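# what's the 3D shape of this:
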Amino acid sequence: MDIMKPRISSEIPLGEDWIYEMKYDGFRCVFTWSADGTITLVSRNNTDLTLNFPEITSFCKKFYPSIKSSLPLTFDGELVICNTDYQSNFSLLQKRGRLKNQETIQSAARVRPATFIVFDLLVLRGNSYKAQKLYVRKKALEAIFRKLTGSRIRLIESFRSDELITTIMFDQKAEGIVAKRRTSTYQIGKRHHDWYKIKNWREIQGFLTAYDMSNDYFDIGVFHHEQIRTIGKCKHGLDGESFQTVKQLFMANGKKQGKRYLLPPVICASIHTLDLYKEELREPEFADLLPQRKPEECTFANLELDLAMFPKTIDLTNTKKMLWPTANFSKGDLLLFMREISPYMLPFLQNRELTVIRCPDGIEKEHFFQKHLPDYAPDFITSVPSGDERTFVCDRLDALIWFANHGAVEYHIPFQHVRSAVPAEIAFDLDPPDREHFHLAIRAAKLIKSLLDDLDLISFVKTSGNKGLQIHIPLRPGSMTYEETATFTKAIAVTIENTYPKYFTTERMKKKRKGRLYIDYVQHGKDKTLIAPYSPRMTTEGTVATPLFWEEVNEELYPTLFTIDNVMERVQQLGCPFDNYFETAMIQKLYKVLNLVRD
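You can find the predicted model right below:
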C-alpha cells in the first residue's frame, strides 16, 4: 500500500515545527469515500476490511448528504477498538479481523464497535493533497470533521506540547507517540526525517535460559511458583561485544540440544517490551545485562509490576502483604488493579473531595476513614483548604497509586464538585437486607429505570460492590439544586415504596425494615458520599463497585461476580458502561423533572 511510514526513534524531536499524535495499536488503513457514497477500508497489507467492520461504513453513510460536497476523499488512519480515548485493544481487533460470518461480525460490532481514527488527508474533492504541507492538510481535516461528528470515525487529537502527550501516553499506557513536522508533505513509502515513531517501552527483568544458533535468539524466563516460565525470545539490543560474550557463555557451558544451548538461570538482563501478549513479550529488545541481579529476583510477580508502569515518584512497599486473605489478594494485586483501572476510575475522582478507607494491615484488621490530607503526603496530591485542615482530591495517577500504596482500599466521593454547592449527579442506593435478597435490588433498579425513562432521563447502574445496586443520573452542574434533587429522589423512592410496600421501604431504621429493600434517597445530599465507580470494597471476596450495562441487570447478576481479579478483563472485553457518562450530563433532558419538582 502507498502510505507514508515513520522512522523509529528513541527520543521525541522538539521545537515549534513539530506536532505530536498518540500512536494507536490497530490496523493502519486507507479509507476511501467515493462520490457515489461507496466506502472502502483497506489495510496496509492490501486486505479489504470493509465487510469486517460494517459499523464504520453504516455510521458514515448517515453523513453522506452533509459530506457529499467533499467527495471523493481519502483518509489515512488507524482502525482500532478503543479501551479509552488514547488506548486501543489490539487483541480484540485482531479477532474481529479474522471473523467471516456476517451475523457474528454484526454481533461483535454491537458489543465492541471499532473506530477509525483519521490522522491524514490524501484526497479531497478528487484532488490529491499529498503535496500540501501537513498543517494545510490538518486544517482541511478540521473543516471536514465539523460536519462528520461522532464516535465511529474521528479526527486524531494533535498536541503541541511534548510533555503533555508524554504524560498522557504514560498514564494511559498508550502504544507510543508519532511526531510529525508541520511543514512536511505526504511522501509515500519513505521512512524519512519528517515523521518519527517513539514507542512506550516497559522495562522488565528476566534471565536467559537458551541460545538458538539457527537464528541468534535467546529464550527469556522468570520464576513463577518456583518453576521457570518462558516469557519470550529476544535477539536485538545488545552491542556486538556483549552479544558475543553471552553467546560464548552458552556455547561453552550450555547443554546442547540440536541447535540450541541450554543454561540454568544465571545471566540476567533488563529488556524493553511493549507488553506481554499471549504469554509472550511483544517486540522485546535488550536494554542491558544485569550481572549483579540475582535470578531468584526475576519473578512473574515482579514482571507484572514492571509491565504495569507505575509512576517513578512512588516506591512500592510490602507488595506481598495480604489485604484480602480469604480471597488471597495481596497489596500488589490492589496496586496492579488500581494502575490498570485508573484511566476509567480517575475521571470520577476529578474535582471531588475524596474520602478513603485505609486498611494498612488488611481488611480483617484495623481500618480507618481518612478525609484530611496527612502531613506526610507528597506535594503532587491536590489539597483543598477546609477550616484548620485540608481535604484532598485524587486527580492524577501518582496520587491514586500513592493512596493504594498506603493501604487505601475504598474510595468515596461526594455528589458535587470542589467548592460547589450544587450536585453534578443524582444517585439512588438500593440496599437489600443481605445478599440473599439481591433479587430485590434487581427488581427495584428496573422499576426506577422505567420511571426515569418516562421522564426522559438517561441513567447508569453499578453494583455497590457489597450487597446492592446504585443508580446514577449525571447532571450538568448548576442545572438542579440539592433541594430540587431531594424532592425528586424522595418522589421516586416513595412511589416505588407505595406501589410495592411488601418489598421496598424508605424506613431508615434497620429493625423496622422487616426484610425489605431500603431505597436510600436521603444519602443523596451535599457533602454526603457514595462509593466511586470501580472502587474496591472491604469485602471478603475483594469485590469492586462495578459499572454495568442495563441489560446485565437480570437474574444472572450477583454481587460477588466482580472482583479486583476480573474487572479489568471485563472492561477490556466489553468496554466501560459509564464511557459516555460525562457527555450525557451535558445533554441530559431535565424539562419533565424540573416541572415535577418546581410545581
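# Please save the CA atoms from the strand or helix carrying residue 94 in CSV.
Assigned by DSSP states H and E, residue 94 falls within helix 90-98. The C-alpha coordinates for helix 90-98 follow below in CSV (Å, rounded to 0.1, in the frame of the first residue of the first chain):
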residue,chain,number,x,y,z
PHE,A,90,-5.3,-4.9,19.6
SER,A,91,-6.2,-8.5,20.6
LEU,A,92,-9.9,-7.8,20.2
LEU,A,93,-9.3,-6.0,16.8
GLN,A,94,-7.3,-9.0,15.6
LYS,A,95,-10.1,-11.4,16.5
ARG,A,96,-12.6,-9.1,14.7
GLY,A,97,-10.4,-9.0,11.6
ARG,A,98,-10.5,-12.8,11.4
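# can you give me the offset of that helix from its chain's centre?
Centroid separation for helix 90-98 versus its chain: 18 Å, with C-alpha atoms, centre = their mean, to the nearest Å.
# Just the pLDDT for residue 192.
Looking at residue 192, its pLDDT stands at 78.
# circling back: from the contact counts, what lies against the helix holding residue 94?
Counting contacts by 3 or more C-beta pairs under 8 Å, 6 or more residues apart in numbering; DSSP states H and E, helix 90-98 is packed against helix 102-111. For every residue, glycine as well, the C-beta is placed using N, CA and C.
# Got the phi and psi for residue 7?
Dihedral pair for residue 7: phi -80, psi 150, per degrees, to the nearest 10.
# Okay, helices next: where are they in the stretch 351-500 of the chain?
397-405, 438-454, 482-499 (DSSP state H, counting those that start in this stretch).
# which SS class is residue 338?
Residue 338 falls in the helix class when you classify it by DSSP: H, G, I helix; E, B strand; the rest coil.
# Can you give me the pLDDT of the residue lying closest to it once chain neighbours are set aside?
Nearest residue to residue 338, sequence neighbours excluded (C-beta to C-beta, 6 or more residues apart in numbering): residue 404, at 4.4 Å. Here, the pLDDT recorded for residue 404 equals 98.
# hang on, residue 404 packs against residue 336?
No - Residue 404 lies out of contact with residue 336 (C-beta atoms under 8 Å); the separation is 9.5 Å.
# sorry, back to before: out of the helices of the stretch 351-500 of the chain, flag the one nearest residue 470.
Closest approach to residue 470 among those is made by helix 438-454 (8.8 Å; C-beta to C-beta).
# Relative to the whole chain's centre, how far out is the closest one?
For helix 438-454, the distance to the chain centre is 28 Å (C-alpha atoms, centre = their mean).
# For residue 499, see how far away residue 599 is.
21 Å (C-beta to C-beta, to the nearest Å).
# more neighbours, these two?
Shown here are residue 599 and residue 499; by other C-beta atoms under 10 Å, residue 499 has more neighbours (10 against 6).
# quick one, what contacts the more buried one?
residue 447 (C-beta atoms under 8 Å, 6 or more residues apart in numbering).
# What of residue 97?
With C-beta under 8 Å, 6+ apart, residue 97 has these contacts: 27, 47, 49, 52.
# does residue 139 sit in a helix, a strand or a coil?
Quick answer, by three-state DSSP: residue 139 is helix.
# From residue 133, how far off is it?
From residue 139 to residue 133 the distance is 10 Å (C-beta to C-beta).
# Same question for residue 256.
Distance from residue 256 to residue 133, by C-beta to C-beta: 59 Å.
# which one of these two has more residues nearby?
Neighbours per residue, other C-beta under 10 Å: of residue 256 and residue 133, the larger number sits with residue 133, 15 against 11.
# Next, count neighbours for the closest residue to that one other than its chain neighbours.
Sequence neighbours aside, residue 183 is the residue nearest to residue 133 in space, at 5.0 Å (criterion: C-beta to C-beta, 6+ apart). Counted with other C-beta under 10 Å, the neighbours of residue 183 add up to 12.
# Check residue 191 too.
Count around residue 191 with other C-beta under 10 Å applied: 14.
# and if you look at the one 4 residues further on?
Around residue 195 sit 23 other residues, with neighbours defined as other C-beta under 10 Å.
# Who are the contact partners of it?
4, 5, 6, 7, 178, 179, 180, 181, 184.
# partners of the helix or strand of the chain with the lowest mean pLDDT, with directions?
Least confident helix or strand, the chain: strand 276-277 with a mean of 89, by mean pLDDT, DSSP states H and E. In the sheet containing strand 276-277, its partner strands are strand 280-281 (antiparallel), by DSSP bridges.
# And the residue of the chain most remote from its centre, which helix or strand is it part of?
Distance from the C-alpha centroid of the chain, by C-alpha atoms, centre = their mean, peaks at residue 252 (47.4 Å). Counting by DSSP H and E, the element that carries residue 252 is helix 240-253.
# which helices and strands does the helix or strand following that helix pack with?
Following helix 240-253 in sequence order, the next helix or strand is strand 255-257 (DSSP H and E). Here strand 255-257 touches strand 260-262, going by 3+ C-beta pairs under 8 Å, 6+ apart.
# What strands line up against the very next helix or strand once past the strand it packs on, and which way round?
Counting by DSSP H and E, the element after strand 260-262 in chain order, helix or strand, is strand 268-273. Counting by DSSP bridges, the strands paired with strand 268-273 are strand 202-212 (antiparallel), strand 285-289 (antiparallel).
# who wins for proximity to residue 364 among those?
strand 202-212 (33.1 Å).
# was I right about residue 586 contacting residue 475?
No - contact criterion C-beta under 8 Å: residue 586 and residue 475 do not qualify, at 9.6 Å.
# out of those two, which sits in the busier spot?
More crowded of residue 586 and residue 475, by other C-beta under 10 Å: residue 475, with 23 against 10.
# Show the contacting residues for the more buried one.
423, 424, 425, 426, 485, 585, 588, 590.
# Next: residue 142.
residue 155.
# and stretch 229-241, average pLDDT?
96.
# just to revisit the earlier point, of the strands paired with strand 268-273, flag the one that's most buried.
Comparing those by mean neighbour count (mean count of other C-beta atoms under 10 Å), strand 202-212 ranks first with a mean of 22.
# So which bits of the helix or strand that comes right after that one are buried?
The C-terminal neighbour of strand 202-212 among helices and strands, as given by DSSP H and E, is strand 217-224. By 16 or more other C-beta atoms under 10 Å, the buried positions in strand 217-224 come out as 217, 218, 219, 220, 221, 222, 223.
# Touching strand 217-224 from outside, list them.
Against strand 217-224 from outside (C-beta under 8 Å, 6+ apart): 206-212, 228-235, 246, 250, 265, 269, 271, 281, 284, 295-296, 298-300, 302-303.
# let's go with 6 Å and repeat that
206-211, 228-235, 298-300, 303 (C-beta atoms under 6 Å, 6 or more residues apart in numbering).
# next one: stretch 540-560
By C-beta under 6 Å, 6+ apart, stretch 540-560 touches 324, 326-327, 329, 435, 438, 442, 445, 461-465, 467, 531, 533, 535-537, 562-564, 567, 577-578.
# same check, this time on stretch 512-529
Stretch 512-529 is contacted from outside by 355, 412-414, 427, 429, 431-433, 440, 444, 482, 489-490, 493, 503-507, using C-beta under 6 Å, 6+ apart.
# Which PyMOL command selects the buried ones in the residues you listed?
Applying 16+ other C-beta under 10 Å to the contacts of stretch 512-529, the buried members can be selected in PyMOL as follows:
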select buried, resi 355+412+413+414+427+429+431+432+433+440+444+482+489+490+493+503+504+505+506
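# So which of the contacts of stretch 512-529 belong to strands?
Of the contacts of stretch 512-529, the ones assigned to strands by DSSP state E are 355, 412, 413, 414, 427, 429, 431, 504, 505.
# what bridges to the fourth one?
Counting by DSSP bridges, residue 414 is bridged to residue 529.
# List the residues that contact it.
352, 527, 529.
# Count the residues that sit near the last one.
Neighbour count of residue 529, defined by other C-beta under 10 Å: 18.
# The first one too?
Residue 352: 23 surrounding residues under other C-beta under 10 Å.
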